[in-house]
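Asks: Kindly return the folded structure for what I paste below:
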Amino acid sequence: MNLDAYKTLTVGIDDGIARIALDNPPVNVLSGTLIRELHDVLGALRDDRSVRVIVFSSANPEFFLAHVDIHILDELDGLQEIADRNPGANLFQGVGELLRHQPQVTIVKLAGKARAGGAEFVATADLTYAARETAGLGQTEVLMGIVPGGGGTQYLRDRVGRNRALELLLTADLVDADTAAAYGWINRAVPAAELDAVVDDVASKIAALSSEIIAAAKGLVPPADLADGLKAEHAAWAELVSGPLPLQLMTRTLEHGVQTPEGERDLEAVMRTVAAGLQA
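Replies: Next up is the predicted model:
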């Protein structure tokens with residue numbers, strides 16, 4: 001495994017822990033390259049019994065994973081081979097399903113914001129710890145005229161229950177770490193100054209266990225079978241995304257600074273302004 005081969009990831013392995021920093025400037029969108037490299041690194045680690053924990057962080061403290069790259073719709077044909085690796089899931093759902101079924105314990109260290117596809121990524125990790133002052137999660141797809149297409153409807157319902165899932169999906173609000181923890185979206189909100197230490201402590205305790213114990217525990221608490229729901233989600237997403245409104249919204253939001261740090265800091269306000277302008 002060549003740890004220096006990646007363009008959008010920084011990977012280090014020490015004492016049974018693989019530490020993967022997402023690094024796709026300027027705001028860490030989930031691009032085609034990042035999807036390819038996540039598949040590659042997780043595949044390479046899958047059978048490595050010396051690695052018992054994988055910790056995901058971001059090279060950008062402000063954005064963990066902003067969302068799926070809006071331009072990725074133009075790349076879908078070229079990414080079909082990756083999508084085919086996860087039968088029953090589309091390209092975006094495939095990232096989450098790969099992570100949900102990874103044999104190692106996966107941990108997200110969430111210092112910044114994760115929306116839409118980024119929030120879906122967080123929901124598929126085994127454990128998430130978030131900085132109370134700076135972290136935020138939002139399932140914002142409805143503001144683009146679509147529903148989540150990367151498993152968000154299913155992962156949210158599994159994590160927080162139907163009533164809270166509907167609230168998060170339909171308001172598209174960014175929620176803080178304390179709210180996310182209270183809802184069950186993440187494990188715990190901690191002071192930002194303590195986030196590194198908390199994640200290191202949890203990761204080290206788990207990494208000290210044998211791979212057999214970890215496998216037994218994960219096998220006894222398996223991820224839910226969401227196959228039918230994922231198929232239904234994809235059908236609804238595909239129908240909506242093929243209509244004229246999402247393309248108009250995506251084009252206008254890019255013109256208003258989405259996928260730049262300035263536009264992403266208050267993404268929900270930008271998207272609501274754009275949507276209101278189209279309806280005027």
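Asks: Mean confidence (pLDDT) on whichever strand or helix holds residue 180, please.
Replies: Using DSSP states H and E, residue 180 sits in helix 177-183. The pLDDT scores in helix 177-183 average 98.
Asks: Are there helices or strands packed against that helix, and which ones?
Replies: Applying 3 or more Cβ pairs under 8 Å, 6 or more residues apart in numbering; DSSP states H and E, one finds that helix 177-183 makes contact with strand 127-131, strand 188-190. (Each C-beta comes from the backbone N, C-alpha and C, glycine too.)
Asks: winner for burial among those strands?
Replies: strand 127-131 (a mean of 25; mean count of other Cβ atoms under 10 Å).
Asks: who's in contact with the helix or strand that that strand is followed by?
Replies: The C-terminal neighbour of strand 127-131 among helices and strands, as given by DSSP H and E, is strand 136-138. The contact list for strand 136-138, computed with Cβ atoms under 8 Å, 6 or more residues apart in numbering, reads 110, 112-116, 119, 122, 130, 168, 172-177, 180, 185-186, 267-268.
Asks: Now do the buried residues in strand 136-138.
Replies: Neighbour-count burial for strand 136-138 flags 136-138 (criterion: 16 or more other Cβ atoms under 10 Å).
Asks: Give me the sheet partners of that strand and which way each runs.
Replies: Looking at strand 136-138 with DSSP bridges, its partner strands are strand 113-115 (parallel), strand 175-176 (antiparallel).
Asks: out of these, nearest to residue 207?
Replies: Between residue 207 and the strands paired with strand 136-138, the shortest gap by Cβ to Cβ is with strand 113-115, which sits at 24.2 Å.
Asks: Now do the strands in the stretch 1-150 of the chain.
Replies: For the stretch 1-150 of the chain, the strands defined by DSSP state E, counting those that start in this stretch occupy 9-14, 17-22, 53-58, 63-65, 105-110, 113-115, 127-131, 136-138.
Asks: tell me which residues in stretch 253-268 are buried?
Replies: 253, 256, 258-259, 263-264, 267.
Asks: for stretch 190-200, same thing?
Replies: By neighbour count on 16+ other Cβ under 10 Å, the buried set for stretch 190-200 is 190, 192, 195, 198-199.
Asks: chain center to it, what's the gap?
Replies: Mean-position distance between stretch 190-200 and its chain equals 20 Å (Cα atoms, centre = their mean, to the nearest Å).
Asks: Then stretch 198-205?
Replies: 21 Å.
Asks: May I have it as PDB, with CA atoms only?
Replies: Backbone C-alpha positions of stretch 198-205 (Å, rounded to 0.1, in the frame of the first residue of the first chain) are rendered in PDB as follows:
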ATOM      1  CA  VAL A 198     -11.000  12.200  23.000                       C
ATOM      2  CA  VAL A 199     -10.700  10.500  19.600                       C
ATOM      3  CA  ASP A 200      -7.100   9.400  20.300                       C
ATOM      4  CA  ASP A 201      -8.200   7.800  23.600                       C
ATOM      5  CA  VAL A 202     -11.200   5.900  22.100                       C
ATOM      6  CA  ALA A 203      -9.100   4.800  19.000                       C
ATOM      7  CA  SER A 204      -6.200   3.600  21.200                       C
ATOM      8  CA  LYS A 205      -8.400   1.600  23.500                       C
END
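Asks: which residues does the residue nearest the centre of the chain contact?
Replies: In the chain, the centroid-proximal residue (Cα atoms, centre = their mean) is residue 121; its distance is 1.9 Å. Contacts for residue 121 (Cβ under 8 Å, 6+ apart) come out as 30, 56, 65, 95-96, 99, 108, 114.
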